[in-house]
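In: Build me a model:
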Amino acid sequence: MNSREIFTESVINRNPNVRTLKWEFGYWGGCLNRWYKEGLPKKNRAPVPTEYRDMTDSLYTYAWNCENKYIKEGEYPNGYALCAGNMYYPNQGFALDSDVRDYFGLDAIQRRVDVNLFFEPIFEPRTIMETEEKLEYIDVDGARRIFLKESATIPTTMECVVKDRASWAQVKEERLSIKDISKRFPDDWGQLVKEYKNRDYPLILGGYPMGFFGSLAHLLGYENLFFAYYDEPEMIHDMLDTLTELWIAVFEEALQHIEVDAAAIWEDISFGSGCMLPMPLMREFMLPYYKRMTDFLRGKGVDAIIVDTDGNCWDIIPFFIECGANGMYPFEVHCTMDVRKVREMYPDLIICGGIPKSEIELGPARIDQLLEDIAPLLKSGGFIPFGDHFIPPEVSFENFKYYREKLNAMIEDI
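Out: Here you go, the predicted model:
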């Protein structure tokens with residue numbers, strides 16, 4: 001069976017006779033740099049994308065491609081990432097891994113329907129100031145960001161494009177119109193439709209930074225958003241209504257040409273000890289818009305609606321289920337998330353992730369215990385095991401190899 005067929009049968013239909021997917025979430029660039037030195041064959045090193053398409057595809061691309069004396073030829077920025085299965089592609093200027101996938105026989109990665117869900121036109125990236133140490137620039141979403149070249153992590157947002165009602169009104173009028181939806185489809189849409197119709201991988205709608213908290217945090221900044229819930233509730237509702245209407249219009253058009261396997265909604269609403277919003281705010285500002293979206297998707301036959309949130313999300317799993325979602329990831333173990341308990345409490349939930357990424361470096365004995373812990377879920381369906389976020393550079397290729405080969409064997413033994 002190909003990757004799409006496995007996703008349908010094992011993850012959505014919960015067929016106990018079909019193995020789950022062999023995926024990872026992704027890898028930090030510094031991790032791949034290390035692994036190539038430690039024995040991973042460099043047969044088809046994934047290039048850093050240079051094209052600017054839309055916010056989801058091309059955020060941070062300008063920074064990843066700037067002149068940087070700290071990055072050796074043939075290496076990635078340390079804080080760059082490569083998509084490896086559950087982290088869909090295209091996304092944030094990240095590369096599509098094939099060397100790790102081919103070496104370990106992993107399944108084909110899921111792809112995102114490549115349409116523009118945010119600003120049309122995008123902002124033209126431009127440099128404000130650049131030295132050998134840092135780049136200050138305007139990104140494709142209009143945000144002013146600073147990229148520190150030595151650490152080369154995801155750029156820091158210094159100023160968001162939406163600051164108040166006036167700036168929101170301007171962005172809404174100039175870049176969020178639904179009058180001509182065709183402008184939101186890329187020039188190669190016809191070719192993409194042909195590829196999507198003949199694909200062997202899962203295809204999803206949505207993706208970063210589409211979310212009913214996540215998008216607003218991205219457009220306003222977290223601190224400004226928290227104040228705006230209280231100071232500018234009408235603006236927040238207008239932002240959510242505008243984005244929901246836009247997304248449904250784009251999806252409606254896309255689904256006239258293709259079928260998809262799932263929808264991905266990015267929130268990152270949790271941190272180490274819990275959710276960043278009190279439940280009354282979530283119910284007022286998120287629930288109605290979620291219901292509009294999930295009702296629409298289910299009406300179009302999209303049966304898997306999966307929410308991405310890091311951190312401790314115990315208290316909000318029931319909320320997202322009420323919203324109409326039926327899956328979540330990556331269940332970060334260091335934030336107390338335990339996929340065994342999640343399965344006991346929510347037997348119908350699609351669960352992805354749940355293996356503590358950093359503990360892979362503790363070696364075979366610890367890896368054996370980690371995999372023994374998640375083994376019962378492999379027979380339950382609706383579960384894709386992988387490291388609970390991007391694999392960090394601290395994990396050696398030797399230990400990752402032991403972990404991945406043993407997990408593959410367990411999956412194939414179903």
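
In: Spatially nearest residue to E394 (excluding sequence neighbours)?
Out: Excluding the flanking residues, the one nearest E394 by C-beta to C-beta, 6 or more residues apart in numbering is E361, at 5.3 Å. Bear in mind the C-beta positions are built from the backbone N, C-alpha and C, glycine included.

In: can you tell me which residues contact the one you found?
Out: 394-396, 399 (C-beta atoms under 8 Å, 6 or more residues apart in numbering).

In: Top of the residues you listed by number of neighbours, please.
Out: V395 (22 neighbours; other C-beta atoms under 10 Å).

In: Identify the residues contacting that one.
Out: 31, 357-358, 360-361.

In: quick one: it is in a helix?
Out: No. With DSSP: H, G, I helix; E, B strand; the rest coil as the criterion, V395 is assigned coil and is not in a helix.

In: can you confirm the residue nearest to E394 is in a helix?
Out: Yes. E361 forms part of a helix when assessed by three-state DSSP.

In: that older thread, quick check: the farthest pair among the contacts of E361?
Out: E394 and N399 (9.7 Å; C-beta to C-beta).

In: Quick check: I109 touching S98?
Out: No. Using C-beta atoms under 8 Å, I109 is not in contact with S98; the gap is 9.1 Å.

In: between the two, which one's more packed in?
Out: I109 (24 against 17).

In: what about E245, distance to W23?
Out: 33 Å (C-beta to C-beta, to the nearest Å).

In: more crowded one of those two?
Out: W23 (26 against 14).

In: ok, what's across the strand from the residue lying closest to the more buried one once chain neighbours are set aside?
Out: Nearest in space to W23, with sequence neighbours left out and distances taken as C-beta to C-beta, 6+ apart, is G85 at 2.6 Å. Listed by DSSP bridges, the beta-bridge partners for G85 are E24.

In: just for the stretch 1-150 of the chain, where's the confidence low?
Out: Scanning the stretch 1-150 of the chain for pLDDT under 70 picks out nothing.

In: what about 90?
Out: For the stretch 1-150 of the chain, applying pLDDT under 90 flags the ranges 16.

In: thinking again about what came up before, any chance of the contacts of E361 in a markdown table, with distance to E73 too?
Out: Below are the contacts of E361 laid out as a markdown table (distance: C-beta to C-beta, whole Å):
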| residue | distance to E73 |
| --- | --- |
| E394 | 24 |
| V395 | 24 |
| S396 | 23 |
| N399 | 27 |
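
In: Redo these as TSV? Include distance to L59 and pLDDT.
Out: Formatted as TSV, the contacts of E361 follow (distance: C-beta to C-beta, whole Å; pLDDT from 0 to 100):
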residue	distance to L59	pLDDT
E394	26	97
V395	26	98
S396	30	98
N399	32	98
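
In: What is the nearest of the residues you listed to G301?
Out: V395 (39.0 Å).

In: which residues of the stretch 201-350 of the chain fall in strands?
Out: 203-206, 262-266, 270-271, 274-275, 305-309, 327-330, 350-355 (DSSP state E, counting those that start in this stretch).

In: Those strands: which one's closest to A63?
Out: It is, among the strands of the stretch 201-350 of the chain and with distance given as C-beta to C-beta, strand 262-266, at 19.8 Å.

In: pLDDT of the closest one, averaged?
Out: The average pLDDT for strand 262-266 rounds to 98.

In: Tell me which other helices or strands it touches.
Out: Where contact means 3 or more C-beta pairs under 8 Å, 6 or more residues apart in numbering; DSSP states H and E, strand 262-266 is packed against strand 203-206, helix 214-220, strand 305-309.

In: Apply 6 Å and report the result again.
Out: In terms of contacts (3 or more C-beta pairs under 6 Å, 6 or more residues apart in numbering; DSSP states H and E), strand 262-266 is packed against strand 203-206, strand 305-309.

In: Each with direction, which strands does it pair with?
Out: When DSSP bridges is applied, strand 262-266 pairs with strand 203-206 (parallel), strand 305-309 (parallel).

In: Please work out which of these is packed deepest.
Out: For the strands paired with strand 262-266, the largest average neighbour count (mean count of other C-beta atoms under 10 Å) is found in strand 305-309, namely a mean of 25.

In: Kindly provide the distance from V339 to L377.
Out: Noted for V339: a distance of 6 Å to L377, by C-beta to C-beta.

In: who's more crowded, those two?
Out: Taking neighbours as other C-beta under 10 Å, V339 and L377 compare with V339 leading, 24 against 19.

In: now the more buried one: how far from K42?
Out: V339 is 33 Å from K42, by C-beta to C-beta.

In: Quick one: low-confidence residue ranges for the stretch 251-400 of the chain.
Out: 272-273, 379-380.

In: Leaving out the residues flanking it, which one is nearest to P47?
Out: A95 (6.5 Å).

In: so the one you found touches L82, yeah?
Out: Yes. Using C-beta atoms under 6 Å, A95 is in contact with L82, at 4.8 Å.

In: which one of these two has more residues nearby?
Out: In terms of neighbours (other C-beta under 10 Å), L82 is the more surrounded of A95 and L82; the figures are 28 against 23.

In: you'd agree that one is up against L96?
Out: No. In this structure, L82 is not within contact of L96 by C-beta under 6 Å, at 7.2 Å.

In: Let me see the contact set for D315.
Out: By C-beta atoms under 6 Å, 6 or more residues apart in numbering, the contact list for D315 reads C275.

In: Not counting stretch 406-414 itself, show me its contacts.
Out: By C-beta under 6 Å, 6+ apart, stretch 406-414 touches 19-20, 22, 371, 378.

In: Out of these, give me the one that has the most neighbours.
Out: T20 (24 neighbours).

In: What sits closest to that residue if chain neighbours are left out?
Out: T20 sits nearest to S10 (C-beta to C-beta, 6+ apart), 4.8 Å away.

In: What distance do you get for that neighbour to K22?
Out: Counting by C-beta to C-beta, the gap from S10 to K22 is 11 Å.

In: How about N86?
Out: 11 Å.

In: Inside helices: which ones of the contacts of stretch 406-414?
Out: Per DSSP state H, helices hold the following members of those: 371, 378.

In: got the residue ranges for the helices in the stretch 51-200 of the chain?
Out: Listed in chain order, the helices of the stretch 51-200 of the chain (DSSP state H, counting those that start in this stretch) span residues 55-58, 61-64, 99-104, 165-175, 189-197.

In: Figure out how far the second one is from the centre of its chain.
Out: Mean-position distance between helix 61-64 and its chain equals 18 Å (C-alpha atoms, centre = their mean, to the nearest Å).
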